[in-house]
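J.: Fold the following for me, if possible:
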Amino acid sequence: MMLTSCSSEQNIPADKFDLSNWKITVPLDQDNNGKVDEVDTKELQSYQHSDFFHLDKDGGLVFTSPNKATTSKASTNTRSELRQMLRGSDTSLETKSYGNNFAIAAHPDSNYFGQVGGRLDARLKVDHVAQNAKVSKKPAYSVVVGQIHAGKDKEVVADGNGFGWGNEPIKIFYKKWPKHNTGSVFWTYERNLAKDDPNRTDIAYPVWGNTWENPADPKDTGIALGEEFSYTINVYQNVMHLTFTTKEQKTVTYNIDLSNNINAYGQLDKKDLPAGYSGDWLYFKAGAYNQCSTKEADGIWYAGCSGTGDWKIDKENGDYTSVTFTKIKLSPATKPE
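T.: Predicted structure coming up:
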């Protein structure tokens, strides 16, 4: 889809950041076709939006997403978020093709993928999270700033190998409860199970502060809004190596083998798929994936966040999330030292 820029050409993110292997989803429907807008790699090189995807005065890349706006078909959450495209501008490769995605080494067809493993390095600060929710369920007051997504693929499921459900081996969260001075950074691993399996859940691992179910004030163990931190997701062969750094806190690392059901603490998880994510195609995402659902319903994912759908009003009321990146870098996996 070709979308026009919304302000000065001097504010084009691709002039400062390498976006040659990304596309973006933005919380808009500018062509009024009832679908969320996506800007593919070629058009992304000249695209920006003055509200939702632009450079700030210091050259940081700002991703903003309101609580109430157009969402992608598979989600009720809005996003201003990049999706890895290993194909670059070569549209002869389909989005779901092996050549446009990566796999871990244990995948039986790993040699046919665009990459085996991969690496994402990011440095960012969370500027704002949604402040108003009717109920304090897990996703309230939070944003996902990086993830690996597995392919949602009916053909893979039909093959009978038990993959293709579209789960996430990692999502990196920032959550700040109202009235707290600092927020928490944590990451989750989703058991690679079918959507209707009761054991399909996100297991949270702490980085700084608390995980999402804990309403206690993290105080000086947390990360404030506007405080910069970095993460590295390095998937080498079958193992996902994670590193989180910031100036004020200790560096935190985790390792988890994505080819089995051993968790990040080295313990067997009998409820997870024994083959982990070894049958999936995978891709990185980064930006602001707002965790306030546009839907109000029962269930842990629907916190009843405020919002009108009018961006001017919602911005004034604080009903949005915004994140600024000073580094987003894709590269092949590197062997850990």
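
J.: now the strands: where do they sit in the stretch 1-150 of the chain?
T.: For the stretch 1-150 of the chain, the strands defined by DSSP state E, counting those that start in this stretch cover 22-26, 37-39, 53-55, 61-66, 77-84, 102-103, 115-116, 118-128, 142-150.

J.: Give me the helices and strands touching the last one, please.
T.: The one in question is strand 142-150. Applying 3 or more Cβ pairs under 8 Å, 6 or more residues apart in numbering; DSSP states H and E, one finds that strand 142-150 contacts strand 118-128, strand 170-175, strand 229-236, strand 282-293, strand 320-331. In this view, the C-beta of every residue, glycine as well, is placed from N, C-alpha and C.

J.: hang on, the earlier thing: will you turn the strands of the stretch 1-150 of the chain into TSV that also has distance to Asp257 and mean pLDDT?
T.: What follows is those, written out as TSV (distance: least, Cβ to Cβ, whole Å; pLDDT from 0 to 100):
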stretch	distance to Asp257	mean pLDDT
strand 22-26	27	97
strand 37-39	33	95
strand 53-55	35	98
strand 61-66	31	98
strand 77-84	22	96
strand 102-103	14	98
strand 115-116	15	98
strand 118-128	16	98
strand 142-150	14	98
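
J.: Can you convert the ones you listed into a markdown table and add a column each for mean neighbour count and distance to Trp187?
T.: Converted to a markdown table, those look like this (neighbours: other Cβ atoms under 10 Å; distance: least, Cβ to Cβ, whole Å):
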| stretch | mean neighbour count | distance to Trp187 |
| --- | --- | --- |
| strand 22-26 | 25 | 21 |
| strand 37-39 | 20 | 26 |
| strand 53-55 | 23 | 24 |
| strand 61-66 | 26 | 18 |
| strand 77-84 | 26 | 16 |
| strand 102-103 | 26 | 19 |
| strand 115-116 | 19 | 22 |
| strand 118-128 | 21 | 13 |
| strand 142-150 | 25 | 9 |
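
J.: who wins for proximity to Ala333 among those?
T.: Closest to Ala333 of the strands of the stretch 1-150 of the chain is strand 118-128 (Cβ to Cβ; 5.3 Å).

J.: by contact count, what packs against that closest one?
T.: strand 142-150, strand 229-236, strand 282-293, strand 320-331.

J.: tell me the most buried of the ones you listed?
T.: The highest average neighbour count among these, using mean count of other Cβ atoms under 10 Å, belongs to strand 282-293 at a mean of 27.

J.: who does that strand touch, helix- and strand-wise?
T.: Using 3+ Cβ pairs under 8 Å, 6+ apart: strand 282-293 touches strand 61-66, strand 77-84, strand 102-103, strand 118-128, strand 142-150, strand 320-331.

J.: Tell me which of those sits nearest to Thr246.
T.: Proximity to Thr246 (Cβ to Cβ) singles out strand 118-128 among the helices and strands packed on strand 282-293, at 9.6 Å.

J.: Note down every partner strand of that closest one and its orientation.
T.: strand 229-236 (antiparallel), strand 320-331 (antiparallel) (DSSP bridges).

J.: can I get these in CSV with mean pLDDT and distance to Pro178?
T.: Formatted as CSV, the strands paired with strand 118-128 follow (pLDDT from 0 to 100; distance: least, Cβ to Cβ, whole Å):
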stretch, mean pLDDT, distance to Pro178
strand 229-236, 98, 21
strand 320-331, 98, 14
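
J.: Identify whichever of those lies nearest to Arg87.
T.: Ranking the strands paired with strand 118-128 by proximity to Arg87 (Cβ to Cβ) places strand 320-331 first, at 12.7 Å.

J.: circling back to that earlier point, please convert the helices and strands packed on strand 118-128 to TSV, extending it with distance to Asp37.
T.: Shown next, in TSV, are the helices and strands packed on strand 118-128 (distance: least, Cβ to Cβ, whole Å):
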stretch	distance to Asp37
strand 142-150	19
strand 229-236	26
strand 282-293	14
strand 320-331	17
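
J.: so which of these gets nearest Ser72?
T.: Across those, Ser72 has its closest neighbour in strand 282-293 (10.2 Å, Cβ to Cβ).

J.: what's the next secondary structure element after the closest one?
T.: helix 311-317 (DSSP states H and E).

J.: So what's the gap between that following helix and the chain middle?
T.: Mean-position distance between helix 311-317 and its chain equals 24 Å (Cα atoms, centre = their mean, to the nearest Å).
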